[in-house]
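J.: Predicted structure and sequence below. I'll ask about it afterward.
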Amino acid sequence: MQSRKWLGQCPDCSEWNTLVEERFRPPAKDGGDLARGMFTARDRHPMSFSSIRADDDERTSTGIGELDRVLGGGIVAGSLVLIGGAPGIGKSTLVIQMADRIEVDGRPILYVSGEESERQIKMRGERLGLAADNLLILPETDLQSIFAAVEDLRPALMIVDSIQTVYNPRIESAPGSVSQVRDAAGQLMTFAKQSATPVFVTGHVTKEGSIAGPRTLEHIVDTVIYFEGDRHHNHRIIRATKNRFGAANEIGVFEMTGSGLAAVGNPSELFLQERPAGASGSVVTVCMEGTRPVLVEIQALVSGTRTASGRRMAQGFDHNRASLLIAVLEKRLGYQLAGDDVFVNVAGGLEIDEPAADLGVIAAIASSFRNQEIDPETAVFGEVGLTGEVRGVLQPQARAREAQTLGFKKLIVPESNKKGLEKMLGLRVVGVRTLEQVMDEIFQGWAARAK
């Protein structure tokens, strides 16, 4: 939106302190290549819908399986992909590994670097053991010079690292400002669509976790990929929060090694490999991340507090949703948690945002409150309603198969999802309708067998 005066709250998105003052820039008068996008644009004419070729199956593999999964099967010609993450988390490492492994038809791959010199990129490439025979490095931030090089090279793939460093000299604001980032993204999008050249751009995130720059940048690009998790861990998680050519919320898991990012084929084993034995407040739930089922450990800690009311904290899980589930435990099962601190954590740094994890959070909190262990060979999933009912979730077969593959013997699921799962060999499936049935199945049966 635009406004002639300063506003504390944006009328469109209702966010506070998001309007940025910009100097008015009149439209270009020359009408030349610079006004049309800083590169030679071809004329466009209306086309009939039936004559347009979709070419949906024509994708180029990045050479990295986990990245192909997140992109929806590979790179689509003419797509603009934004890779965001905190500084030092592995954005540049990922794109340069992709540039080394991707197979193109003899045309070069152009790597535009606005933050590192060619020598720095060379040193990082040698440390990662890359050959990158078709990779050309261009340390440049001027958008006019970048498109001039593109006109000469006609690359098969273009990488811009990062979008905050690129600037248009026709705009008076500094690089990284709202107007510069918006203009650079628009120019790159126009170039990608008209030349059918895929473009990857990296962007830094702010402390709040959003791309530094305007939120409209995420609406311009075709695909938005975020790095999740703590950069101090040895694994990295990338998630597609937007994808016009594939499933959204698809994740890819990598392990940071001395030779770069190594793809993790089975992330469930990674997230469960350090699960403690014989500890209360721990349970395994099955989540769907895009089209992939992932087993994760949910941990909870319930401890007494010296304050008037207990604290509620959640990491990797929505804080408000955790507070709601605690209220359900108090009202429907009679758990007295008002005077206790309750902490919920998703082990491994994964962030869960689907309702199927509700049952896992409920079970973990109840286990810690009762100081009673849950059977380590039991996994749960299901949505919990405010009346204490357990509701069905999507794709129960895929979730059950993943639990069976990892060696779990028992699966507690909503009664509506039980049909079709009973025939799985080596897996006992228990359907539940209420939280009372869940508590009875988790604790009483396991306690009897443990004696």
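T.: Yes, it's here.
J.: Output the longest strand belonging to the chain.
T.: strand 292-304 (DSSP state E).
J.: who does it touch, helix- and strand-wise?
T.: Contacts defined by 3 or more C-beta pairs under 8 Å, 6 or more residues apart in numbering; DSSP states H and E place strand 292-304 against helix 267-272, strand 282-289, strand 340-346, helix 358-370, helix 396-405. Every residue, glycine included, has its C-beta placed from N, CA and C.
J.: Okay, now the sheet partners of it, with direction.
T.: Using DSSP bridges, strand 292-304 pairs in its sheet with strand 282-289 (antiparallel), strand 340-346 (antiparallel).
J.: Okay, angle between the longest one and helix 358-370 too, please.
T.: Inter-element angle recorded for strand 282-289 and helix 358-370: 170 degrees (by axes from the mean of the first three to the mean of the last three C-alpha atoms, to 10 degrees).
J.: Quick one: mean pLDDT over strand 282-289.
T.: Across strand 282-289, pLDDT averages out at 95.
J.: ok and that strand relative to helix 396-405, angle-wise?
T.: Using the same axes, to 10 degrees, strand 282-289 lies at 130 degrees relative to helix 396-405.
J.: What are the contacting residues of strand 282-289?
T.: 239, 249-251, 272, 275-276, 293-300, 352, 354, 356-357, 359-360, 363-364, 367, 373-374, 378-381, 394-395, 398-400, 402-403, 408 (C-beta atoms under 8 Å, 6 or more residues apart in numbering).
J.: Buried only: go through the residues you listed for me.
T.: The neighbour-count test (16 or more other C-beta atoms under 10 Å) applied to those identifies 239, 249-251, 272, 275, 293-300, 352, 356-357, 359-360, 363-364, 367, 373-374, 378-381, 399-400, 402-403, 408 as buried.
J.: quick one on the thing from earlier: now the longest strand of the chain: average pLDDT?
T.: According to the model, strand 292-304 has a mean pLDDT of 94.
J.: chain center to the next helix or strand after it, what's the gap?
T.: Counting by DSSP states H and E, the next helix or strand C-terminal to strand 292-304 is strand 312-315. Centroid separation for strand 312-315 versus its chain: 20 Å, with C-alpha atoms, centre = their mean, to the nearest Å.
J.: likewise stretch 322-329?
T.: Relative to the centre of its chain, stretch 322-329 is centred 26 Å away, using C-alpha atoms, centre = their mean.
J.: same deal with stretch 110-125?
T.: 26 Å.
J.: Tell me the buried residues in that stretch?
T.: In stretch 110-125, counting by 16+ other C-beta under 10 Å, buried: 110-116, 121, 125.
J.: Sort out for me which of the residues you listed are in helices.
T.: If you go by DSSP state H, the buried residues of stretch 110-125 have 121, 125 in helices.
J.: How confident is the prediction for the nearest residue to Pro396 once chain neighbours are set aside, by pLDDT?
T.: Closest residue in space to Pro396, ignoring its immediate chain neighbours: Asn417 at 3.9 Å, by C-beta to C-beta, 6 or more residues apart in numbering. Here, the pLDDT recorded for Asn417 equals 94.
J.: Determine the number of other residues adjacent to Asn417.
T.: By the criterion of other C-beta atoms under 10 Å, Asn417 has 24 neighbours.
J.: CA atoms only: put the longest helix along the chain into CSV for me.
T.: Ranked by residue count, the top helix of the chain under DSSP H comes out as helix 178-195. What follows is helix 178-195 as a C-alpha-only set of coordinates in CSV (Å, rounded to 0.1, in the frame of the first residue of the first chain):
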residue,chain,number,x,y,z
VAL,A,178,12.4,-1.7,0.9
SER,A,179,12.4,-0.1,-2.5
GLN,A,180,15.7,-1.6,-3.6
VAL,A,181,14.7,-5.2,-2.5
ARG,A,182,11.3,-4.9,-4.1
ASP,A,183,12.7,-3.5,-7.4
ALA,A,184,15.5,-6.1,-7.6
ALA,A,185,13.0,-9.0,-7.0
GLY,A,186,10.7,-7.6,-9.6
GLN,A,187,13.5,-7.3,-12.2
LEU,A,188,14.7,-10.8,-11.5
MET,A,189,11.2,-12.2,-11.8
THR,A,190,10.6,-10.5,-15.1
PHE,A,191,13.9,-11.8,-16.4
ALA,A,192,13.2,-15.4,-15.2
LYS,A,193,9.8,-15.5,-16.9
GLN,A,194,10.8,-13.9,-20.2
SER,A,195,14.0,-15.9,-20.6
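J.: for it, packing partners?
T.: Applying 3+ C-beta pairs under 8 Å, 6+ apart, one finds that helix 178-195 contacts strand 80-85, helix 143-153, strand 157-161, strand 199-204, helix 216-220.
J.: Met424: how many residues sit nearby?
T.: 15.
J.: sorry, that was for Glu377
T.: Neighbour tally, Glu377, other C-beta under 10 Å: 16.
J.: on that earlier part again, how about CSV for the helices and strands packed on helix 178-195, with mean neighbour count, mean pLDDT and distance to His233 added?
T.: Putting the helices and strands packed on helix 178-195 into CSV (neighbours: other C-beta atoms under 10 Å; pLDDT from 0 to 100; distance: least, C-beta to C-beta, whole Å) gives the following:
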stretch, mean neighbour count, mean pLDDT, distance to His233
strand 80-85, 25, 93, 13
helix 143-153, 17, 92, 35
strand 157-161, 25, 95, 23
strand 199-204, 25, 92, 19
helix 216-220, 16, 82, 25
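J.: Those: which one's closest to Ser280?
T.: strand 80-85 (35.0 Å; C-beta to C-beta).
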